[in-house]
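Enquirer: no sequence on hand, only this structure:
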């Protein structure tokens, strides 16, 4: 039911991390160019080949001169003949593309894309993780129709693949289909571990969700069910964390529930909100500043009470180095959990999206694993930042070392949810079972 929502946006290409020798070239004819061959010794991007897959994401450039060229070309798959047309070129998935940028005087300064019936055919003669040899030909449209022919001839001494942690029987190497993007492709082991963690977290939360939905609650939003397809770069040597893609929800693994508006409990808390709104409207008409301020405070308190008793948002993160909890008013509490770990509750926690005290909510956090609890109680008044320090073993990359659960709802309901969460499922995750 709950899994990762991932994106594959691809910005400009980055320099390949492993030196690559290029003897590539492109010949362009048409749109005022009689026929010119551009050598392409500079190479950016990457390619890889496995037993079941292959991908190339390349940007090739001239080294200088009055007439310069830059060629971008991408394809995906094991087929020895690849075709790139305008439809594929405009696909946001970014698996196939071709572009040409020429710099120079007159007709020698133009950019070309695939438009209409334009087509580039790539014929691969050799492709392994050290060598890529292929030819390409077809048409593109710049200032006018262009005929394109070219050769790709790339060699490197070592492969660019880096290993991640291992997780059972899987390939830990990174084969990056997102070369040049802000995020990278995950390894097979990362995908497997991510699915394992999400399955375990789903099992742990399911009793609480089932109980709430049986008593007039409904799921209003949850993280989409989708396999891990991208992950932040430079994370392969760090303990795996659930990617923070749902920042507005405070984590990547979340479920949000709401109480039926026709239920007696909802109406109980909706009536004070309606009364506070009427009082605030009357205060506005009076133009009395003191009355308006008092009415505004009353409306805020009534709305906060309604929110805390009729909504519940649960987010989960793993392998956290710590947590800083900002609360606009003091009064946090720390209590031990029956099966280990501890809970921290605070009444006016800042929203994950920021904002002032008007958006603050009561939040209860559960910390399982190696965390150092904060002081047992905070100041009765004034704002505070509650620090919880975590400890991670940097050598344990694909393992659940700790779990942080954030429950945004009233304290009484949060305690009910805590009792319903399957603690044994969480302990099994941390034990690697």
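Expert: Structure received. Not measured: the values here are computed from a predicted model. Numbers count the residues shown, from 1 in each chain.

Enquirer: residue 402 is in contact with residue 371, isn't it?
Expert: Yes - using Cβ atoms under 8 Å, residue 402 makes contact with residue 371 at a distance of 6.2 Å. Heads up, the C-betas are built off the backbone N, CA and C, glycines and all.

Enquirer: what touches both of the two?
Expert: residue 390 (Cβ atoms under 8 Å, 6 or more residues apart in numbering).

Enquirer: let me see the ranges of the helices in the protein.
Expert: Taking DSSP state H as the test, the helices found in the chain are 86-89, 188-213, 264-286, 289-310, 411-420, 423-431.

Enquirer: return the set of buried residues in the second one.
Expert: Pointing back at helix 188-213 there. 188-194, 196-198, 200-202, 204-206, 208-209, 212 (16 or more other Cβ atoms under 10 Å).

Enquirer: the residue nearest to residue 219 when sequence neighbours are not counted and residue 263, how far apart?
Expert: Leaving aside its chain neighbours, residue 219 sits nearest to residue 257 (5.6 Å; criterion: Cβ to Cβ, 6 or more residues apart in numbering). Going from residue 257 to residue 263 by Cβ to Cβ, to the nearest Å gives 13 Å.

Enquirer: I'd like the mean pLDDT over stretch 121-128, please.
Expert: Averaging pLDDT along stretch 121-128 yields 97.

Enquirer: shaky segments in the stretch 101-250 of the chain?
Expert: 160, 243-250 (pLDDT under 70).

Enquirer: higher neighbour count, residue 257 and residue 263?
Expert: In terms of neighbours (other Cβ atoms under 10 Å), residue 257 is the more surrounded of residue 257 and residue 263; the figures are 21 against 14.

Enquirer: so what's the more buried one up against?
Expert: Per Cβ under 8 Å, 6+ apart, neighbours of residue 257: 209, 212-213, 217-220, 311-313.

Enquirer: same thing but 10 Å
Expert: Residues near residue 257 by Cβ atoms under 10 Å, 6 or more residues apart in numbering: 208-209, 212-213, 217-222, 310-314, 409, 417.

Enquirer: I figured residue 97 hits residue 82, correct?
Expert: No - using Cβ atoms under 10 Å, residue 97 is not in contact with residue 82; the gap is 11.3 Å.

Enquirer: spit out the residues that contact the two alike.
Expert: Common neighbours of residue 97 and residue 82 are listed as 73-75, 88, 120 (criterion: Cβ under 10 Å, 6+ apart).

Enquirer: out of those residues, show me where the pLDDT dips lowest.
Expert: Confidence by pLDDT is poorest for residue 88 among the shared contacts of residue 97 and residue 82, given 92.

Enquirer: next, count neighbours for that one.
Expert: Neighbours of residue 88 using other Cβ under 10 Å come to 21.

Enquirer: need the pLDDT of the closest residue to it other than its chain neighbours.
Expert: Nearest non-adjacent residue to residue 88, counting by Cβ to Cβ, 6+ apart: residue 96, 3.9 Å away. Among the per-residue scores, residue 96 shows a pLDDT of 94.

Enquirer: touching, residue 96 and residue 74? I think so.
Expert: Yes - shown here, residue 96 and residue 74 form a contact pair, counting by Cβ under 10 Å, at 5.9 Å.

Enquirer: if I look at these two, which residues touch both of them?
Expert: By Cβ under 10 Å, 6+ apart, the residues touching both residue 96 and residue 74 are 82, 84, 88-89, 122.

Enquirer: what's the closest of those to residue 328?
Expert: residue 89 (51.0 Å; Cβ to Cβ).

Enquirer: how close does the closest one sit to residue 121?
Expert: Look at residue 89 and residue 121: by Cβ to Cβ, they are 13 Å apart.

Enquirer: got the contact list for the residue nearest to residue 88?
Expert: Here residue 96 is in contact with 73-77, 82-85, 87-90, 114, 120, 122 (criterion: Cβ under 10 Å, 6+ apart).

Enquirer: residue 260 too?
Expert: 215-218, 266, 310.

Enquirer: for residue 156, state which of the residues you listed is nearest.
Expert: Nearest to residue 156 among these, counting by Cβ to Cβ, is residue 218 at 54.7 Å.

Enquirer: can you report how many residues neighbour that closest one?
Expert: 10.

Enquirer: related to what we said a few turns ago, who has more neighbours, residue 89 and residue 121?
Expert: Each of residue 89 and residue 121 has its neighbours counted (other Cβ under 10 Å); residue 89 has more, 20 against 14.

Enquirer: can you check the pLDDT for the more buried one?
Expert: Predicted confidence (pLDDT) for residue 89: 89.
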